[in-house]
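My questions concern the predicted model and sequence given below.
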Amino acid sequence: MNDRNKFAALFLTAFALASVPATAQESSEGGEKRTRLILGPQLAPSWPGADQFSVVPYVDFSRTRDAEFAFEAPDESFGSPLIHSGDFAFGPAFGFVGKRKASDIGADLPKVGLSIEAGGFAQVHLTPTLRIRLDGRKGLSGHKGWTGEISADYVAREGDDWLFSIGPRVTLGDAKYMGAYFGVTPAAAVTSGLPAYDPSGGIQSVGVTAGYHRMLGKRWGIAVYGRYDRLVGDAADSPVTRELGSRSQPSAGVALSYTFGGDR
């Protein structure tokens with residue numbers, strides 16, 4: 001969830017809060033269920049390639065009947081596994097990107113509306129400490145292209161007491177996605193003063209993410225993360241990036257966590 005906006009984050013916050021059970025005791029054949037909600041502020045680029053940042057909620061919501069919560073990277077797309085077999089998992093993925101207006105970017109370029117993305121992910125734990133994840137999402141509005149990410153995470157943990165993760169990221173986009181944020185049509189070149197530019201699909205950025213969660217007691221904990229991406233290829237060479245944005249795309253967040261249910 002690297003590119004987030006206020007609408008998206010508030011939506012996820014409301015969803016997570018609404019999903020927390022009214023009673024902390026949920027029992028079934030698998031044992032008592034525990035729920036963990038992570039909520040706090042984060043700072044992230046307002047749209048791909050932006051040199052402006054938005055402060056929005058940092059949200060994560062997890063449930064488990066196991067001895068410990070499954071690992072989730074702090075920047076991965078929103079969604080839960082539908083199929084979980086051994087070390088492999090597959091499920092839906094959702095993402096959001098904030099709108100970009102001409103007044104926001106400082107040039108008369110076409111507006112890119114709020115992008116609601118839907119798709120899927122697949123992930124596998126090659127070892128208990130190494131997870132590989134592939135994610136692909138289609139813009140149902142806004143950019144209307146395909147975007148996705150390839151990620152790997154090294155994970156060190158002591159149950160739910162503390163967890164540290166770090167790993168590389170490669171962000172991808174098709175020609176429609178890249179054109180929406182980094183392209184300049186001949187018509188837009190006339191109105192914006194930028195040279196016309198038609199980017200191809202491919203790798204948008206490469207980066208790294210690190211996250212840490214630590215329990216402060218039986219129920220409360222603290223979570224922090226930092227991510228840095230560097231635009232490459234056509235995204236980096238775009239006049240939109242060079243004159244109006246930035247190749248550097250850092251983000252960071254800090255949050256409190258609270259665990260419901262169970263006797264841990």
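Alright, I've got the coordinates. Keep in mind that this is a model prediction, so the values were computed, not measured.

so where is the stretch 151-264 of the chain shaky, pLDDT-wise?
Within the stretch 151-264 of the chain, the segments meeting pLDDT under 70 span 263-264.

now the helices for it?
For the stretch 151-264 of the chain, the helices defined by DSSP state H, counting those that start in this stretch occupy 175-182, 186-192, 233-237, 239-244.

how about the last one: buried residues?
The neighbour-count check on helix 239-244 (16 or more other C-beta atoms under 10 Å) flags 239-241, 244 as buried. The C-beta positions use only the backbone N, C-alpha and C, and glycine is treated the same way.

now do the shortest one
In terms of neighbour count (16+ other C-beta under 10 Å), helix 233-237 has its buried residues at 233-236.

Pull the most distant pair out of the residues you listed.
Taking C-beta to C-beta, the two most distant members of the buried residues of helix 233-237 are Asp234 and Ala236; they sit 7.4 Å apart.

my read: Pro124 touches Asp87, true?
Just to correct that, residue 124 is Val rather than Pro. Yes - counting by C-beta atoms under 8 Å, Val124 touches Asp87, with 5.6 Å between them.

in the sheet, who's paired with Val112?
Beta-bridge pairing for Val112 (DSSP bridges): Arg100.

What pLDDT is listed against it?
Val112 is assigned 96 on the pLDDT scale.

Would you check that it makes contact with Gly139?
No - Val112 is beyond contact range of Gly139, at 9.5 Å (criterion: C-beta under 8 Å).

Which neighbours do those two have in common?
Shared contacts of Val112 and Gly139 (C-beta atoms under 8 Å, 6 or more residues apart in numbering): Val97.

Which stretches in the stretch 151-264 of the chain count as strands?
162-173, 202-215, 220-231, 248-260 (DSSP state E, counting those that start in this stretch).

Give me the residues contacting the second one.
Strand 202-215 is contacted by residues 38, 48, 73-75, 147, 151, 153, 160-173, 178, 221-235, 249, 257 when judged by C-beta under 8 Å, 6+ apart.
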